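1. what follows is a protein structure lacking sequence information:
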């Protein structure tokens, strides 16, 4: 699976959009980009995933560049409860569910 | 919430003692996973199961064994706990075959301290 690179930490004001970048320059054509997050002392939580097209659900939007080498997770109106570690991972058909999380981005939402 | 519970949620034990952690799911999902999470190492797969009595090793399986005698329960056993097994342990499930579009859902975790 392709390796991902994320900033170590980011800050965001409550009510503003949080834009979390992820670089996955070695991604191959059949690999999906997934985002999970982990709020302190809880289990990881799925947010969103995509292959080529931009995706949106009730939690977030995922913007994937045309060359698929990077993506951005957007939380449109961040709240204090969105403070968490956000993980960007790439999953292929051969992953068979075996996730590997790196260090992720610590997002802190300020009042 | 995919109906996943873990027990115990916290445990303190001594080196050399056996420890069993339980993962229970209520929705008859076929695929279940055990991960450990440590500072500086992220989340790492220990063992996984693809059905009753069907299990396989993950990335960091040494010192751990698993059993799955019924669909709803996946047990992780540390035969003789060591301090290096102090960690937070997460159970996860996938609702279907774990292909690239299959989301994993995680339990709340078990914090294990081995003294």
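-> That came through fine. The shown structure was predicted, so the numbers you read here are calculated from the model rather than taken from an experiment.

2. could you give the mean pLDDT of the strand or helix carrying residue B:74?
-> If you go by DSSP states H and E, residue B:74 is part of strand B:73-78. Strand B:73-78 shows a mean pLDDT of 98.

3. after it, which helix or strand is next?
-> strand B:87-94.

4. against which helices or strands is that following strand packed?
-> The contact analysis (3 or more Cβ pairs under 8 Å, 6 or more residues apart in numbering or on different chains; DSSP states H and E) places strand B:87-94 against strand B:4-7, strand B:19-25, strand B:31-38, strand B:73-78, strand B:104-106, strand B:110-114. Where C-beta positions appear, they are placed from N, C-alpha and C, glycine not excepted.

5. got the residues of chain B near chain A?
-> B:31, B:33, B:35, B:37, B:40, B:42-45, B:48, B:58-59, B:90, B:92, B:94, B:98-109 (Cβ under 8 Å from any Cβ of the partner chain).

6. now residue B:17: closest residue in space that isn't a chain neighbour?
-> residue B:81 (5.6 Å; Cβ to Cβ, 6 or more residues apart in numbering or on different chains).

7. report how many residues lie close to residue B:24.
-> For residue B:24, the tally of surrounding residues (other Cβ atoms under 10 Å in any protein chain shown) stands at 17.

8. show me what contacts the nearest residue to it once chain neighbours are set aside?
-> Excluding its sequence neighbours, the residue lying closest to residue B:24 (Cβ to Cβ, 6+ apart) is residue B:5, at 4.9 Å. Applying Cβ atoms under 8 Å, 6 or more residues apart in numbering or on different chains, we find residue B:5 in contact with B:23, B:24, B:25, B:107, B:108.

9. so what's residue B:5 scoring on pLDDT?
-> In this model, residue B:5 carries a pLDDT of 96.

10. direction included, what does the strand holding residue B:74 pair up with?
-> Looking at strand B:73-78 with DSSP bridges, its partner strands are strand B:19-25 (antiparallel), strand B:64-70 (antiparallel).

11. what residue lies at the spatial centre of the chain?
-> Went with chain A since none was named. residue A:35 (3.5 Å; Cα atoms, centre = their mean).

12. switch to chain B, please.
-> residue B:34 (2.6 Å).

13. my guess is it meets residue B:66, correct?
-> Yes - between residue B:34 and residue B:66 there is a contact under Cβ atoms under 8 Å: 6.5 Å.

14. joint contacts of the two?
-> With Cβ under 8 Å, 6+ apart, residue B:34 and residue B:66 have common neighbours B:46, B:47, B:74, B:76.

15. number of residues surrounding residue A:68?
-> 19.

16. for the one 4 residues further on, same thing?
-> A count of nearby residues for residue A:72, using other Cβ under 10 Å, gives 16.

17. what's across from it in the sheet?
-> Note on residue A:72: beta-bridge partners by DSSP bridges are residue A:21, residue A:63.

18. re earlier: make a ChimeraX selection of the buried ones in the residues of chain B next to chain A.
-> Remark: buried members of those, expressed as a ChimeraX selection using 16 or more other Cβ atoms under 10 Å in any protein chain shown:
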select /B:31,33,35,37,42,43,44,45,48,58,90,92,94,98,100,102,103,104,105,106,107,109
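
19. next, format the strands paired with strand B:73-78 as a markdown table and append mean pLDDT.
-> A markdown table is the format used below for these (pLDDT from 0 to 100):
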| stretch | mean pLDDT |
| --- | --- |
| strand B:19-25 | 97 |
| strand B:64-70 | 96 |
